[in-house]
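> Requesting a structural model of the entry that follows:
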Amino acid sequence: MLRVISLPNHRTRCTSCFTPLQLTSSRLSQPRTSYFITPHPQPAPNHSFSKRLHSVWQTTSSRSSHRNTRAVSYPNTSILSFHSHHSIQTMAHHPKRTHNPRAAPQQAPPRAGSASNIASFVVTAFVATTTASVSYAAYYCVTSLALFSTMLPTANGEAIDEKNGLLFQEQKKKDGTYDYEYVGFDTYPGIGLDDGTGVATPEVKAASVKVVSQAMDAAGLDDSGIIKNGDGEHITLHPAHPHRSKCPIYGCPYLPLDVHYEEEAKRALEAMKKEASVDNIKSLKLIGNDSVLKSSGSEHAATLTLIGYKGGRLIDQVNQDRALVLSPYMYWKINNSAGSDQSHKPVARLLGAFDGHAKYGERVSEYVAKTLPALLGSKLVEFDATKDEDGNGDNEKENDHKIARLLHDTFLELDATAPADPSGGCTASVVLQLGTKIYVANAGDSRSFVAVHIVHPDGKEATTSVIYGTREDKPHIAVERERVEHMGGTVYLPNGFLATGQGTTRVLYKDPTTGSTSGLAMSRSIGDWDAGNVGVIPDPLVDIMDINDIKKNIIERLNGLGNGACEVGVKEVEVDPANGETSESQCVQYTENHIKVFAISATDGLLDYVPEETIAKHVAKGLYKTGVEEKENAKNGPQTTHPLTACENLIYTAASGWQQDKGGRYRDDIAIAVADLG
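Numbers count the residues shown, from 1 in each chain. This is a model prediction of the structure:
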């Protein structure tokens with residue numbers, strides 16, 4: 001009997017258990033091993049510690065010693081393949097970083113365009129006028145103005161269009177498959193406008209704590225992210241988490257269950273696959289009300305996880321990954337004390353993945369998963385109210401920039417208030433859907449994807465393609481390395497990296513607890529305050545897409561509009577020149593009903609071993625169940641007919657990759673969240 005209970009410290013402990021790498025499967029008739037959990041007390045997170053905030057808005061307005069040696073066995077994942085781009089590391093793979101809360105901030109040069117710089121130019125020009133020749137004074141005034149003109153507000157070296165209400169410098173981007181164009185921007189202002197080191201002042205930290213507290217209160221949650229008057233604090237991995245039975249005001253989040261170590265979830269997933277016969281595919285459309293799986297997914301969304309193994313004793317293994325899906329995301333109910341009718345609001349969804357690292361990374365990822373929906377939702381409520389009052393609701397581009405700013409501020413406030421002391425941080429990869437608009441915000445090396453599933457009009461075949469993926473924020477990227485080195489940090493490059501691209505680059509820092517040099521394998525994250533002293537920031541990259549535009553662009557390409565399009569209802573006759581035989585083909589037309597758009601967020605524990613296209617295609621099978629491949633492959637055993645079973649298969653495939661690559665010495669935590677967007 002495998003059983004997991006809630007632990008205040010977010011850890012799973014056992015007194016007699018096997019290594020997380022040695023997974024068994026009832027499908028293979030392997031024996032199971034008992035897994036007992038014992039509590040391990042530790043102090044609750046202290047929210048009065050030093051926090052940091054680093055914001056562009058400040059520049060304008062505010063600113064394995066014990067391992068079981070039995071043979072390892074995984075469930076049959078022959079329908080999937082995994083890949084590995086890992087290589088032998090010269091630095092420890094885990095933890096990803098440690099923390100120095102007392103590191104002295106590096107002094108940055110004066111902010112471009114600041115009042116002090118302007119004043120210095122004016123005073124110097126005045127002195128030159130009164131003490132030197134007229135020609136010299138004129139020369140200095142001209143050169144001073146020229147220098148000042150180069151110090152106007154910019155983002156990444158380009159001027160911001162403040163006159164038109166645009167807050168970021170847009171970057172035009174294009175999908176390589178269907179040539180769909182979209183916009184994105186880096187919310188970090190660039191080192192020219194960065195007046196600090198990434199570590200917030202005490203005043204900004206205090207302000208962030210107040211903002212977060214107000215947002216949680218408006219959502220009916222206490223400061224720990226639990227519904228007020230609830231039954232105490234639980235972690236999101238546990239099946240008894242109160243949000244699974246009593247939903248927050250903004251909706252019930254789908255929260256990840258462990259595919260192997262939560263016995264009830266494991267049995268339910270096995271039952272779903274056994275029922276997945278060709279004649280009984282529809283039986284999996286609904287999860288029973290008495291199933292634990294109802295809190296982790298539905299027909300249209302799902303999230304699951306698997307704890308990793310990082311060496312040492314089994315009782316000390318901790319799952320630091322978190323994920324969530326809110327579908328629907330009813331943020332407009334936050335602080336709606338008047339009970340006004342909000343039925344006109346367009347559909348909204350929120351999903352994300354958060355990969356914790358360092359000693360207490362699970363505290364940070366847990367905090368972000370609990371706090372993000374309320375904090376972002378409260379900002380969206382204010383945005384909606386302001387938009388209606390100003391009457392600027394039709395200015396689409398300006399509104400996009402404002403929502404990107406809300407995401408940016410949310411990331412920075414989470415960073416400033418996270419329980420990251422003495423050592424902890426996490427990635428954050430978030431997808432927000434508002435109506436037909438998709439906003440993706442990413443900081444760190446977890447990733448989010450937007451994909452399309454296209455069914456041929458005759459229903460006999462379907463294709464799935466990834467049309468968008470977030471960037472992995474790695475220290476070797478030119479702009480990231482420039483910022484780190486500008487702030488006094490050092491980027492570690494493995495031997496031969498520049499020639500081969502193999503290995504993991506890191507931001508180096510000195511661990512004050514050990515005195516040794518450690519490294520963080522990313523250039524942006526939430527928490528990690530000590531790394532903020534040397535250039536690691538929480539500012540996300542934000543990209544914006546429109547579902548209607550995506551479908552319109554694909555339809556035009558598939559129907560050949562403007563490029564010899566066929567006429568509907570007209571048969572085309574083709575003649576084979578070799579034998580003179582003729583064949584007829586019916587012109588078909590794709591419509592919006594043939595195209596589905598969905599999103600995926602996942603941690604690198606999955607992405608390191610399963611290609612993104614494989615992930616998308618497998619998720620699409622679970623979400624849309626066209627039946628084509630199910631019928632063809634029924635003889636091979638249970639097929640994917642639900643988003644939850646699709647996620648489970650992907651997780652086990654990645655786990656097999658870790659096992660084969662690392663030989664049981666290490667496996668990262670794995671988490672995935674998926675949702676249909678329409």
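> could you pull out the helices for the stretch 251-400 of the chain?
Taking DSSP state H, counting those that start in this stretch as the test, the helices found in the stretch 251-400 of the chain are 263-274, 361-390, 396-417.
> for the host helix or strand of Thr614, packing partners?
When secondary structure is defined by DSSP states H and E, Thr614 falls within helix 612-624. The criterion is 3 or more Cβ pairs under 8 Å, 6 or more residues apart in numbering; DSSP states H and E, and the helices and strands that helix 612-624 contacts are strand 447-455, strand 462-469, strand 595-602, helix 643-662, strand 670-676. From N, CA and C alone the C-beta is placed, and that goes for glycine too.
> In it, which residues are buried?
Under the neighbour-count criterion of 16 or more other Cβ atoms under 10 Å, helix 612-624 has 612, 614-624 buried.
> Repeat that for stretch 440-458.
Taking 16+ other Cβ under 10 Å as the basis for neighbour counts, the residues of stretch 440-458 that come out buried are 440-455.
> Please apply the same query to stretch 540-551.
Using 16+ other Cβ under 10 Å as the burial criterion, the residues of stretch 540-551 that qualify are 540-547, 550-551.
> quick one: contacts of it?
In this structure, residues lying in contact with stretch 540-551 by Cβ atoms under 8 Å, 6 or more residues apart in numbering are 168, 173, 180, 182-187, 400, 404, 407-408, 411, 428, 430, 436-443, 450, 452, 467-468, 470-471, 473, 524, 592, 595, 597, 677-678.
> Filter those down to the buried ones, PyMOL style.
PyMOL command restricting the contacts of stretch 540-551 to the buried ones, with burial defined by 16+ other Cβ under 10 Å:
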select buried, resi 168+180+182+183+184+185+186+187+400+404+407+408+411+428+430+436+437+438+439+440+441+442+443+450+452+467+468+470+473+524+595+597+677+678
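> rewinding a little: any idea which of the buried residues of helix 612-624 is closest to Arg313?
Checking the buried residues of helix 612-624 against Arg313 by Cβ to Cβ gives Ile615 as the nearest, at 32.3 Å.
> want to throw the helices and strands packed on helix 612-624 into CSV with mean pLDDT and distance to Cys252?
CSV is the format used below for the helices and strands packed on helix 612-624 (pLDDT from 0 to 100; distance: least, Cβ to Cβ, whole Å):
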stretch, mean pLDDT, distance to Cys252
strand 447-455, 97, 22
strand 462-469, 96, 27
strand 595-602, 98, 18
helix 643-662, 97, 16
strand 670-676, 98, 14
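> which of the ones you listed is buried the deepest?
Using mean count of other Cβ atoms under 10 Å, the stretch among the helices and strands packed on helix 612-624 with the largest mean neighbour count is strand 670-676, at a mean of 31.
> Name the strands paired with it and say parallel or antiparallel.
The sheet places strand 670-676 alongside strand 301-306 (antiparallel), strand 595-602 (antiparallel), with pairing taken from DSSP bridges.
> would JSON lines of the ones you listed with distance to Pro577 be doable?
Rendered in JSON lines, the data for the strands paired with strand 670-676 read as follows (distance: least, Cβ to Cβ, whole Å):
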{"stretch": "strand 301-306", "distance to Pro577": "51"}
{"stretch": "strand 595-602", "distance to Pro577": "35"}
